[in-house]
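Participant: return a 3D structure for these sequence lines:
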Amino acid sequence: MIMRNVFDDGFVDDAVSPLSTPDSGSGTAVLERPETKTEGQKTDDGDADRFAHYVSKERMAESRLTGRPVVALCGKVWVPKHNPSDYPVCPDCKRIYDEMR
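Facilitator: Residues are numbered from 1 along each chain as shown. As a prediction, the model looks like this:
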C-alpha cells in the first residue's frame, strides 16, 4: 500500500516510493570489477597470424619439444605450428630486429 500525502499546493509526497529515498537499501546494487590489463602481451588472434615472426632458434626448438608458447620480438605469444617460410615477415619484428643490429 502506498501512502500519499497531498498538500494544499498540490504537491504529492510518496512516502514509500523508491525515488523518494534512493539510498534506502533496497534496489539494484552495482558490483565493480577490477580492471585487468594484458598490455604488452598479444594473443593468438588478429593480423599477427598472417606473418612469420622473429624468435630465437633455441626457443623455437624448445617450443617444438615441449609445446610451450614462444614470444616474438613484436610481443606476439603463440605455439608455432606452421612453416614460417609460407608467410611474409612481420613488419614490427623486422623493425625491432633492424634496430637491434
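Participant: and residue 67, how many neighbours?
Facilitator: The local packing count at residue 67 equals 10, with neighbours defined by other C-beta atoms under 10 Å. No exception for glycine: its C-beta is placed from N, CA and C like everyone else's.
Participant: OK, contacts around the closest residue to it other than its chain neighbours?
Facilitator: The shortest distance from residue 67 to any residue other than its chain neighbours is 6.3 Å, reached at residue 79 (C-beta to C-beta, 6 or more residues apart in numbering). Neighbour list for residue 79: 44, 63, 67-70 [criterion: C-beta atoms under 8 Å, 6 or more residues apart in numbering].
Participant: mind redoing it with 7 Å?
Facilitator: With contact set as C-beta atoms under 7 Å, 6 or more residues apart in numbering, residue 79 has these partners: 63, 67, 69.
Participant: and these as TSV, adding secondary structure?
Facilitator: As requested, the contacts of residue 79 are exported to TSV (DSSP: H, G, I helix; E, B strand; the rest coil):
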residue	secondary structure
63	helix
67	coil
69	coil
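Participant: list just the nearest of the residues you listed to residue 56.
Facilitator: residue 63 (10.3 Å; C-beta to C-beta).
Participant: helices of the protein, start to end?
Facilitator: When assigned using DSSP state H, the helices of the chain occupy the ranges 57-66, 91-100.
Participant: ranking those helices by burial, who's on top?
Facilitator: Among the helices of the chain, judged by mean count of other C-beta atoms under 10 Å, the one packed with the most neighbours on average is helix 91-100 (a mean of 13).
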